[in-house]
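> Okay, here's the prediction I keep looking at, along with the sequence it came from:
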Amino acid sequence: MNDPAILVAGEILVDFLPAGPGPLSRVESFSRRAGGAAANVAIGLTRLDRSPWFLTNVSTDGFGEFLAATLDENGVPGRFVTRSEHPTTLAFVAHDTSADRSFTFYGADSAGGRIDASVVSDSVLDSVEWVCVDAPVALAAEPARSALFDLCERARDRGCRVAFDPNTRRELWSDERTLHETLDAMLARTDVVKTSVEDLDGTAFAGDDPTDLAANLFAAGPHTVFLTRGADGSRAIAADRAPWGSLDVSHAGYDVDPVDATGAGDAFLGGVLHGLADGESIDETLAFANAVGALTTTEAGAIDALPDHEAVTALREADSP
């Protein structure tokens, strides 16, 4: 098997999903699921027959054993999965009747904040086309934050393109200044960013509309912006300097019955990377990624709900006129 063309970097953690909708104060029971933004992307790509390298750090505690087994069961290569005694990050999820969710995180000085990018050599990066950072926990903590900055710098020096999802979980950050400085530093090292208007609201990159937001992000570094819009689909806007040239295209999304939106944005990003790595057009990439994201909302949890290529194809064919 050829070495993967994609390297995903970030955390894997445990999501506790509520038995029903409502605030955490009213939830009486939860189910344990493997999750984490980067893990969702990595396993999502594996389900789509595009298995990537995965750079992460997993705890040696009981939850970590569960997560390590999850990666192995899903066929994610373990070459860059390190282990440490730091505790596993736990995320308690609450959602409303429309499947929109919120997170409460537990795990100070957790394994996710201890990612070691030095295990990825420059020679490995020579064979990688895309590095993807989707790491809200890792970027909010040192030494992982500096490790990811270094990884992106080395990747771009070796000709890799960098994709980034800000995924700004503000409850993870001790202060707004560090959050904004981190976004500045990551966007300066980024080629393609996946985000939403809501995710960057209140930051220096916010805009009155998607076009303004994209312009602000172009000035910060990326040449292409993928914007998710929930049930309304998604939009891609690219600057003149993008390899595919200036464009502004949209996809209306797919009509599904949502159960839980956890991981849908990460699944969408996996779909984007799949399309870009295969050299698909932005229109085709957008349509494919929307289908991946939509299907992920139809079951509880993130990783358990990630679709395979057959399911994505079936949804797209069912939606065709």
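That came through fine.
> list the helices and strands the helix or strand Phe268 falls within packs on?
Taking DSSP states H and E as the criterion, Phe268 maps to helix 264-277. Here helix 264-277 touches helix 37-47, strand 130-133, strand 161-164, strand 192-195, strand 224-228, helix 282-296, going by 3 or more C-beta pairs under 8 Å, 6 or more residues apart in numbering; DSSP states H and E. Every C-beta, even on glycine, is put in place using the N, C-alpha and C of the backbone.
> Report all helices and strands that the last one contacts.
Read it as helix 282-296. Counting by 3+ C-beta pairs under 8 Å, 6+ apart, helix 282-296 packs on strand 224-228, strand 234-238, strand 247-251, helix 264-277, helix 309-319.
> So in that sheet, which strands flank the first one, and in what orientation?
I take that to be strand 224-228. Here strand 224-228 has these sheet partners by DSSP bridges: strand 192-195 (parallel), strand 234-238 (antiparallel).
> wait, isn't Ile282 in contact with Leu247?
Yes: at 6.0 Å, Ile282 counts as touching Leu247 under the criterion of C-beta atoms under 8 Å.
> residues shared between the contacts of those two?
Common neighbours of Ile282 and Leu247, counting by C-beta atoms under 8 Å, 6 or more residues apart in numbering, are Ala236, Ala238.
> Show me which of those two is the more surrounded one.
Ile282 (21 against 15; other C-beta atoms under 10 Å).
> Next, the residue nearest to Glu142 when sequence neighbours are not counted: phi, psi?
Spatially, and ignoring its direct neighbours in sequence, Glu142 is nearest to Gly113 (7.1 Å; C-beta to C-beta, 6 or more residues apart in numbering). Taking degrees, to the nearest 10, you get phi -90, psi 10 for the backbone angles of Gly113.
> Same question for the one 10 residues further on.
Dihedral pair for Ser123: phi -70, psi -30, per degrees, to the nearest 10.
> and if you look at Phe30?
Dihedral pair for Phe30: phi -130, psi 160, per degrees, to the nearest 10.
> ok, it to Pro136 distance?
Note on Phe30: its distance to Pro136, by C-beta to C-beta, to the nearest Å, is 20 Å.
> What residues sit buried inside the host helix or strand of Arg32?
Per DSSP H and E: Arg32 is located in strand 30-35. For strand 30-35, a neighbour-count test (16 or more other C-beta atoms under 10 Å) marks Arg33, Ala34, Gly35 as buried.
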